[in-house]
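Visitor: Any chance you can model this:
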Amino acid sequence: MAASELLPLAVACPLTGAALLAVLGRRLPRSGTDALATAWAAGQLGLVWWLAAATGGAGRTVTWVGGWTPVEGRSVGIVLVADGLGLGLAVLVALLVLAALGYAWRYFEEPERARGHGGGFPALLLLFEAGTTGFALTGDLFNAFVFFELMGVAGYALTGYRVEEPRPLQGALAFAVTGSLAGYLALVGVGLLYARTGELAFAGIARELAGQPADALVTTAAALLCCAMLVKAAAVPFHFWLPDAHAEAPTPVCLLLSGVMVELGLYGLLRVYLTVFSGPGGVPHEVMRGTLIAVGTVTALTGALLCWQQRHLKRLLAFSTVGHMGLFLCGAGILDAEATAGTALYVAGHAGVKGALFCLAGVLLDRHASVDEHGLWGRARDMPLVGVLFAVGGCALAGLPPFGTGLGKSVVEHAAHEDPWLVALFVLVPAVTAGAVLRAAARVFGGAGTKPRERHSGAETTGAGEEPEVSGPRREVPRPMLVVPAVLLAGALAVGLVPALWRYVAAGSVVFQDPAGYGAAVTGVPGGGGTGTAPLPEVAWSLPGVLFGLLSTALAAGCAAGALWGPALRGRLARTARAGADALDRTVVLAVRRQHSGHVGDYVAWLLAGLAALTAVFALWG
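Guide: Okay, the predicted model is just below:
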């Protein structure tokens, strides 16, 4: 059977599994629902893996659902378009959903739910998978909105899964309000474009816009859609929902939110821009490039700064995601095939590393009912394996060769070699975020350094007194909770060691950066371009990339050592450094922290301010 005929099954399969679990979950024991959900997720992984292999990195598969094919380039049908990066993202989603299900086998073990618990959690995971897969494969702007909302609604429910507790409910509420507002903005943008062009397919809209000059309506639609995607991508100042959601969501959910959901926002932004707005009637390349790199730089620096200041381990990892999301935006903002390939590899490696770190934080929450770095000082010495994995994850987060994070970082740095400050950003931000992880690992698992001093800033979240997510804290750690993070780290390592994957991503990036070929494949009308017409970028390790990766890792270790043993140092230089750090903390850091107030109204105000700024940039320079 042809790949085009099976493409709709990539969305239908997890939807069917979610419905089946909702029906049978109340009649099956816990082990039965877990086994059914895991088997279904494994089948979905096999399906999207086969589609990726059949399509190939340089291929493109198009399916018009229901046979509503274009006539003279026009159609009212729903189109699915699978290329190398879209299918690669679908494979990544399937892998992480399978990992989350495996991790949760022994995670939620409430005795009263051992039978008849409804299978709600695995059903929601499969529903989330359906939304993310559809979003990665759709070629229709309205259906992108539908999958955007399906993904969001499942994410809100998963974040607030412990609805009987106030803090998860608050995190889910902030997530839901900002995410829903982003969805409304996207829908208005879709309506404006449909009113102007009479088309909903990306390729059809682009063809209509190419025949007319850009005006206020198109600029406004572009700003609305870009803003919606940047909210999902947790870019500053649209990021406020992310630390609240990550801090309170169940650990398996954090694996998905940080590993793939925010990256889907970036993917959607690039897909919509390249296929819809990159032509004569849209937003010029130099404007979008400057916007993405500016937003990415602010996001990377903000995430790194707040990551370093955290003691709540899940919030620490959440702000690390914000920092790395800024790097992904900068890499994608270069808008060429080499940088796109490097960003894709960076995303894949980061997903494995960050997923593993969240899983390991879940082990601490399981055993000690706390994720407070200060309160856990030296209390996890009895878990050396967990400590080793946590430290390895920190080094991988810095870009240590040969992890996939290091390879992706290396390729993007090569693509950005004409901007030395951008290369410096790619060295500094991973060093700071990884240094925070290594500092926490040394304190929690080794009792290293001086005992942290307590500082009450009023804007600090400690992570102490967290409700355990299992019924029996201090139990022996279930094997799946150790196997899953080890496998995720191994996957991140494989990204940096498998040349076949590099070639697939390189070919997929060329196809992704070819909007003319995309339009021709979807509408059947030649557009002056073609798939695979550009040369493949060189995606491989380079000596400067290896050296920069080692430098980031060394800086991370130095930052961690300074935080651990710096307070015990004596002398004028040490006192000056501590005074400078305290002054920075009292002024800049505290001011930024206070913006993360937990009040949804504040987050909405920042979102609207960001939308206004984005619209002004597109209007003035577009």
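Visitor: residues near the residue lying closest to Pro243 once chain neighbours are set aside, how many?
Guide: Spatially, and ignoring its direct neighbours in sequence, Pro243 is nearest to Ala318 (4.3 Å; CB to CB, 6 or more residues apart in numbering). Where you see a C-beta, it was placed from the backbone N, CA and C, and this is true even at glycine. Residues within reach of Ala318, counting by other CB atoms under 10 Å, total 28.
Visitor: got it, and Phe328?
Guide: Neighbours of Phe328 using other CB under 10 Å come to 28.
Visitor: which residues in the stretch 351-500 of the chain form helices?
Guide: According to DSSP state H, counting those that start in this stretch, the stretch 351-500 of the chain carries its helices in the segments 384-398, 404-415, 420-446, 480-495, 499-512.
Visitor: Could you dump the ones you listed into CSV and include mean neighbour count?
Guide: Listed next are the helices of the stretch 351-500 of the chain as CSV, based on neighbours: other CB atoms under 10 Å:
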stretch, mean neighbour count
helix 384-398, 23
helix 404-415, 28
helix 420-446, 23
helix 480-495, 21
helix 499-512, 22
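Visitor: Quick one: closest of the ones you listed to Leu266.
Guide: Leu266 sits nearest to helix 499-512 of all those, at 12.3 Å, using CB to CB.
Visitor: Quick check: next helix or strand after the closest one?
Guide: If you walk from helix 499-512 toward the C-terminus, the next helix or strand you reach (DSSP states H and E) is helix 515-523.
Visitor: and that following helix, average pLDDT?
Guide: Averaged over helix 515-523, pLDDT sits at 87.
Visitor: And for stretch 421-429?
Guide: The model assigns stretch 421-429 a mean pLDDT of 96.
Visitor: still on that earlier bit, quick one: which of the helices of the stretch 351-500 of the chain is nearest Arg26?
Guide: helix 480-495 (23.9 Å).
Visitor: which strands and helices sit next to the closest one?
Guide: helix 84-103, helix 337-368, helix 384-398, helix 404-415 (3 or more CB pairs under 8 Å, 6 or more residues apart in numbering; DSSP states H and E).
Visitor: which stretches of the stretch 1-150 of the chain have low pLDDT?
Guide: 1, 72-73, 106-119 (pLDDT under 70).
Visitor: same thing but at 50, please
Guide: Within the stretch 1-150 of the chain, the stretches with pLDDT under 50 are 110-117.
Visitor: how about the strands in it?
Guide: 60-65, 78-83 (DSSP state E, counting those that start in this stretch).
Visitor: closest to Val437 out of the ones you listed?
Guide: strand 78-83 (34.1 Å).
Visitor: how many degrees apart are that closest one and helix 515-523 in direction?
Guide: 140 degrees (axes from the mean of the first three to the mean of the last three CA atoms, to 10 degrees).
Visitor: Which secondary structure elements does strand 78-83 sit against?
Guide: Using 3+ CB pairs under 8 Å, 6+ apart, strand 78-83 sits against helix 30-55, strand 60-65, helix 120-137, helix 499-512, helix 515-523.
Visitor: Return the distance of that strand from the chain's centre.
Guide: Offset of strand 78-83 from its chain centre (CA atoms, centre = their mean, to the nearest Å): 22 Å.
Visitor: Stretch 207-215 now?
Guide: With CA atoms, centre = their mean, you get 32 Å for stretch 207-215.
Visitor: In it, which residues are buried?
Guide: 207-209, 214 (16 or more other CB atoms under 10 Å).
Visitor: next one: stretch 36-45
Guide: Applying 16+ other CB under 10 Å to stretch 36-45 flags 36-38, 40-41, 44-45 as buried.
Visitor: Looking at these, which is nearest Arg381?
Guide: Thr38 (33.3 Å).
Visitor: Double-check that closest one against Tyr103; I have them as touching.
Guide: No: judged on CB atoms under 8 Å, Thr38 makes no contact with Tyr103 at a distance of 10.8 Å.
Visitor: Name the helix or strand of the chain that has the lowest mean pLDDT.
Guide: Confidence across the helices and strands of the chain bottoms out at helix 572-584, with a mean of 66, counting by mean pLDDT, DSSP states H and E.
Visitor: And the next helix or strand past it?
Guide: Taking DSSP H and E, what comes next after helix 572-584 is helix 590-595.
Visitor: Would you report the backbone torsion angles of Gly281?
Guide: When read as degrees, to the nearest 10, the backbone of Gly281 gives phi -100, psi 20.
Visitor: mind checking pLDDT for it?
Guide: Note for Gly281: predicted pLDDT of 77.
Visitor: what's the nearest residue to it if we skip its chain neighbours?
Guide: Gly281 sits nearest to Leu209 (CB to CB, 6+ apart), 3.5 Å away.
Visitor: So for that neighbour, what's the pLDDT?
Guide: 87.
Visitor: That one reaches Gly279, doesn't it?
Guide: Yes: between Leu209 and Gly279 a contact is recorded at 6.2 Å, counting by CB under 8 Å.
Visitor: buried stuff in stretch 137-154?
Guide: Within stretch 137-154, the residues that qualify as buried are 137-154, counting by 16+ other CB under 10 Å.
Visitor: Go through the strands of the stretch 1-150 of the chain and pick out the most buried.
Guide: Comparing the strands of the stretch 1-150 of the chain by mean neighbour count (mean count of other CB atoms under 10 Å), strand 78-83 comes out on top with a mean of 24.
Visitor: Against Leu335, how distant is Gly279?
Guide: 14 Å (CB to CB, to the nearest Å).
Visitor: got it, and Ala12?
Guide: Applying CB to CB, the value for Ala12 to Leu335 is 34 Å.
Visitor: And those two? Which one has more around it.
Guide: Just comparing Ala12 and Leu335: by other CB under 10 Å the higher neighbour count belongs to Leu335, 19 against 13.
Visitor: Around Arg479, how many other residues sit close by?
Guide: Neighbour tally, Arg479, other CB under 10 Å: 10.
Visitor: can you check His285 too?
Guide: Around His285 there are 12 residues (other CB under 10 Å).
Visitor: pLDDT at it, what is it?
Guide: For His285, pLDDT reads 90.
Visitor: Relative to Thr291, how far out is it?
Guide: 11 Å.
Visitor: who touches both of these two?
Guide: Common contact partners of His285 and Thr291 (CB atoms under 8 Å, 6 or more residues apart in numbering): none.
Visitor: where in the stretch 501-622 of the chain is pLDDT low?
Guide: Using pLDDT under 50, the flagged stretches of the stretch 501-622 of the chain are 528-532.
Visitor: surely Ala90 meets Thr133?
Guide: Yes: the pair Ala90 / Thr133 is scored as a contact, 4.9 Å apart, by CB under 8 Å.
Visitor: intersection of neighbour lists for the two?
Guide: Residues touching both Ala90 and Thr133 (CB under 8 Å, 6+ apart) are 10, 48.
Visitor: Put together JSON lines for the helices of the stretch 351-500 of the chain, with distance to Leu301 on each row.
Guide: Converted to JSON lines, the helices of the stretch 351-500 of the chain look like this (distance: least, CB to CB, whole Å):
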{"stretch": "helix 384-398", "distance to Leu301": "17"}
{"stretch": "helix 404-415", "distance to Leu301": "16"}
{"stretch": "helix 420-446", "distance to Leu301": "7"}
{"stretch": "helix 480-495", "distance to Leu301": "24"}
{"stretch": "helix 499-512", "distance to Leu301": "26"}
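Visitor: Lovely, talk soon.
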